[in-house]
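**Q** Curious how this folds, go ahead:
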Amino acid sequence: MSKLDAASLPPDPTNEWARRFDLLSDPTRLALLSHMHLHPDSPVVDLANAAGITQTAASQALRVLRDQGWVEGRRQGRLVHYRLIDDAAHAVLHLMGQRHEPGASGHAH
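**A** Now for the predicted structure:
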């Protein structure tokens, strides 16, 4: 049997999933993701209201999610609308029991 070098081994997903669960462990980020899942393209004001936080706090949490590639923002005039784009986060929300409203995808594909 030949010896495998580290470069030929598949990447260990443990650290990636630990980072993902860390992002999901914050109630504010989870509330924002949940709202975006059910209401794609929500403006920051709606996300903040749904999470029960200020727009500033929502913007800070959304920046973290955007930097990790979980959500994307689209500017429309003075407002920025956010939607969930990460497949794993989308799947986790479904595992938590969230379902889309009829006719809504809830997720960018």
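**Q** and Q76, bridged to which residues?
**A** Per DSSP bridges, the residues bridged to Q76 are L79.
**Q** just E72 next, same as before
**A** R83.
**Q** quick one: the helix or strand encompassing T56 to chain centroid distance?
**A** T56 belongs to helix 55-67 when assigned by DSSP states H and E. On the basis of Cα atoms, centre = their mean, to the nearest Å, helix 55-67 sits 11 Å off its chain's mean C-alpha point.
**Q** again, but for stretch 31-50
**A** With Cα atoms, centre = their mean, you get 11 Å for stretch 31-50.
**Q** any weak-confidence spans in this structure?
**A** Along the chain, segments meeting pLDDT under 70 span 1-10, 101-109.
**Q** What distance do you get for L38 to L93?
**A** Applying Cβ to Cβ, to the nearest Å, the value for L38 to L93 is 9 Å. The C-beta positions use only the backbone N, C-alpha and C, and glycine is treated the same way.
**Q** Give me the more crowded residue out of these two.
**A** Between L38 and L93, counted using other Cβ atoms under 10 Å, the more crowded position is L93 (22 against 17).
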